[in-house]
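Visitor: I would like to see how this sequence folds:
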Amino acid sequence: MTHLTLLVLCQVSFVTAATDGGAVRHYREAYQQTTQTGQPLLVLVGADWCVACQRMKVSILPELHRRRSLRRVTFVTVDKDSQQKLAAKLMKGGTVPQLVLFTKIGDRWTRRQLTGAHSVAQVQLFLDRAMETAAKPATAAVR
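Guide: Sure, this is the predicted structure:
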């Protein structure tokens, strides 16, 4: 994922999201924080009618927040139905929910995706593996 692609995604829509502090933020704010800090961007693409999406919103992600696992990322949600253009750019395939994680490795952004219903442990593993991969080049460069 290039910086330009992230910029295009930012310009497509203003998507509200819950943050660690409980404040409401827009996709643009999440994008700006991510590009300024290099912090990973985690996007939940879902829909109100999707049972697995609602489980992710009310059960899985709040548990990860409670465990402080989301403090390592900027988190935002995208509604597939009301933010169709942005969701289409983010999604690969039509299945929801999709957790899309953008991490910066060097000067490039990488994209990882977790699709469908998953447990807290599975989402935690997805985040942990992505963070380990993103941290490896930085660790190697320090040596």
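
Visitor: got the phi/psi numbers for the residue nearest the centre of the chain?
Guide: Within the chain, the residue whose C-alpha comes closest to the C-alpha centroid is residue 42; the distance, by C-alpha atoms, centre = their mean, is 1.3 Å. Backbone torsions for residue 42, taken as degrees, to the nearest 10, come to phi -110, psi 120.

Visitor: For it, give me its contacts.
Guide: For residue 42, the contact set (C-beta atoms under 8 Å, 6 or more residues apart in numbering) comprises 70, 73, 74, 75, 76, 99, 100, 101, 127. Where C-beta positions appear, they are placed from N, C-alpha and C, glycine not excepted.

Visitor: May I see the residues you listed arranged in JSON lines, with distance to residue 32, neighbour count and pLDDT as well?
Guide: What follows is those, written out as JSON lines (distance: C-beta to C-beta, whole Å; neighbours: other C-beta atoms under 10 Å; pLDDT from 0 to 100):
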{"residue": "70", "distance to residue 32": "18", "neighbour count": "19", "pLDDT": "93"}
{"residue": "73", "distance to residue 32": "15", "neighbour count": "22", "pLDDT": "92"}
{"residue": "74", "distance to residue 32": "9", "neighbour count": "23", "pLDDT": "92"}
{"residue": "75", "distance to residue 32": "14", "neighbour count": "23", "pLDDT": "92"}
{"residue": "76", "distance to residue 32": "11", "neighbour count": "25", "pLDDT": "92"}
{"residue": "99", "distance to residue 32": "21", "neighbour count": "22", "pLDDT": "97"}
{"residue": "100", "distance to residue 32": "18", "neighbour count": "21", "pLDDT": "96"}
{"residue": "101", "distance to residue 32": "18", "neighbour count": "21", "pLDDT": "96"}
{"residue": "127", "distance to residue 32": "22", "neighbour count": "21", "pLDDT": "96"}
